[in-house]
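Chemist: Would you be able to build a 3D model of this:
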Amino acid sequence: ASAPSIVFRMLRLLAVEDGHRVLEIGTGTGWNAGLMAHRLGSERVTTVELDPRLSAQAARRLRSAGLAPRVITGDGAAGYAPGAPYDRVVATCSVRRVPGAWLEQTRPGGVILTPWESPWFRFGLLRLTVRDDGSASGRFSPHSAFVLIRSQRTDLRIYRDVVEDHQIPERSATQLCPWAVAGDDPAARFAIGLRLPDIWRAWHDNPDVHGVASRLWLATTDTTSWAAVDWDGRTDKRLTVWQYGPRRLWDEVEATYRWWLRAGSPGPERFGLTVTPDGRQTPWLHTPAGVLTTGPDMA
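Modeler: All right, here's what the predicted structure looks like:
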């Protein structure tokens with residue numbers, strides 16, 4: 001395991017108890033499944049791995065340790081219905097949307113724990129409690145970064161998929177430093193990614209453009225809108241902004257950042273998410289009553 005401390009932290013958050021049945025998404029080496037099988041008994045642990053080679057290796061390692069949880073080769077986004085319902089579902093890969101199968105296969109009162117990310121920022125853990133109506137709600141916590149579940153990955157590149165020669169962007173200026181929204185502050189980046197879930201970014205240093213030392217690219221995941229913020233390497237008091245498409249992405253990011261400052265610069269642990277059986281995801285601040293709008297209509 002590359003980060004055992006995160007494994008232990010997630011197991012504490014999972015809070016398994018005697019008699020619980022657990023579904024793990026992402027077997028990997030099998031170490032986490034082995035820990036849970038030792039705690040609960042092998043017959044109460046099911047683990048799903050997409051990669052057949054990793055799945056077989058993990059099963060061998062577990063057997064050599066005297067453990068025999070059910071090791072399934074398959075798509076973790078689909079869970080494993082034959083073993084449901086589960087008291088706990090834990091993922092060792094991140095998601096941008098919680099798969100509906102995980103809700104369906106978790107009993108009311110059960111817990112789903114998964115790493116979380118947005119196209120803007122890979123960061124955070126989400127702990128959901130499933131309700132009687134099949135929905136689930138819970139809070140985020142910080143400090144984790146996992147590989148995104150394969151079925152939700154996007155392969156986008158600015159010059160290959162987004163920007164085209166015939167496009168003529170609008171030019172404007174900003175006094176907001178791009179490093180404020182895409183730099184070293186994880187709380188700001190988390191909030192922006194949560195409220196603007198379809199915007200991704202990429203840094204381009206020394207882009208071979210006269211007068212530009214660094215450029216921050218923004219684009220929607222459907223590639224219909226993009227923006228760029230240029231820093232000349234001398235001053236961050238007034239930076240050039242280029243925006244193209246039906247949405248003005250830098251304006252949205254700047255408005256979201258200003259909102260976050262007015263809200264007191266909350267960290268990930270102040271945010272939560274409610275997920276319904278039909279797949280709707282609603283973020284909130286402080287309590288589920290503090291529903292947040294997302295996307296271009298962000299207040």
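
Chemist: can you give me the helices in the stretch 51-200 of the chain?
Modeler: 52-64, 100-104, 178-182, 186-195 (DSSP state H, counting those that start in this stretch).

Chemist: Please identify the deepest-packed of those.
Modeler: helix 186-195 (a mean of 23; mean count of other Cβ atoms under 10 Å). Any C-beta I mention is one placed from the backbone N, CA and C, and that applies to glycine too.

Chemist: can you list contacts of that helix?
Modeler: Contact with helix 186-195 is made by 117-121, 123-124, 140, 142, 180-183, 253, 256-257, 259-260, 265-268, 271, 283, 292-295, 298, as judged by Cβ atoms under 8 Å, 6 or more residues apart in numbering.

Chemist: How far off centre is that helix?
Modeler: Remark: helix 186-195 is offset 11 Å from the chain centroid, using Cα atoms, centre = their mean, to the nearest Å.

Chemist: just the CA coordinates of it, formatted as PDB?
Modeler: What follows is helix 186-195, C-alpha atoms only, in PDB (Å, rounded to 0.1, in the frame of the first residue of the first chain):
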ATOM      1  CA  PRO A 186      -6.800  22.700  -1.200                       C
ATOM      2  CA  ALA A 187      -9.900  24.200   0.500                       C
ATOM      3  CA  ALA A 188     -10.400  26.700  -2.300                       C
ATOM      4  CA  ARG A 189      -9.800  24.100  -5.100                       C
ATOM      5  CA  PHE A 190     -12.200  21.700  -3.400                       C
ATOM      6  CA  ALA A 191     -15.000  24.200  -3.100                       C
ATOM      7  CA  ILE A 192     -14.600  25.300  -6.800                       C
ATOM      8  CA  GLY A 193     -14.600  21.700  -8.000                       C
ATOM      9  CA  LEU A 194     -17.700  20.900  -5.900                       C
ATOM     10  CA  ARG A 195     -19.700  23.800  -7.300                       C
END
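
Chemist: now it: mean pLDDT?
Modeler: Across helix 186-195, pLDDT averages out at 97.

Chemist: Over to stretch 198-216?
Modeler: For stretch 198-216, the mean confidence score works out to 92.

Chemist: For it, list every residue counted as buried.
Modeler: By neighbour count with 16 or more other Cβ atoms under 10 Å, stretch 198-216 contains the buried residues Asp198, Ile199, Trp200, Arg201, His204, Val212, Ser214, Arg215, Leu216.

Chemist: any idea which of those residues is closest to Thr224?
Modeler: Asp198 (10.0 Å; Cβ to Cβ).

Chemist: Which element is encountered next along the chain beyond the helix or strand bottoming out on mean pLDDT in the chain?
Modeler: Sorting the helices and strands of the chain by mean pLDDT, DSSP states H and E puts helix 4-14 at the bottom, at a mean of 91. Using DSSP states H and E, the helix or strand that follows helix 4-14 towards the C-terminus is strand 22-25.

Chemist: Show me what that next one is in contact with.
Modeler: The contact list for strand 22-25, computed with Cβ under 8 Å, 6+ apart, reads 14, 16, 32-33, 36, 40, 44-48, 76-77, 79-80, 83-84, 86-93, 102, 105, 114, 149.

Chemist: tilt between the helix or strand just after it and helix 4-14?
Modeler: Sequence order places helix 31-40 as the next helix or strand after strand 22-25, per DSSP H and E. Here helix 31-40 runs at an angle of 40 degrees relative to helix 4-14 (axes from the mean of the first three to the mean of the last three Cα atoms, to 10 degrees).
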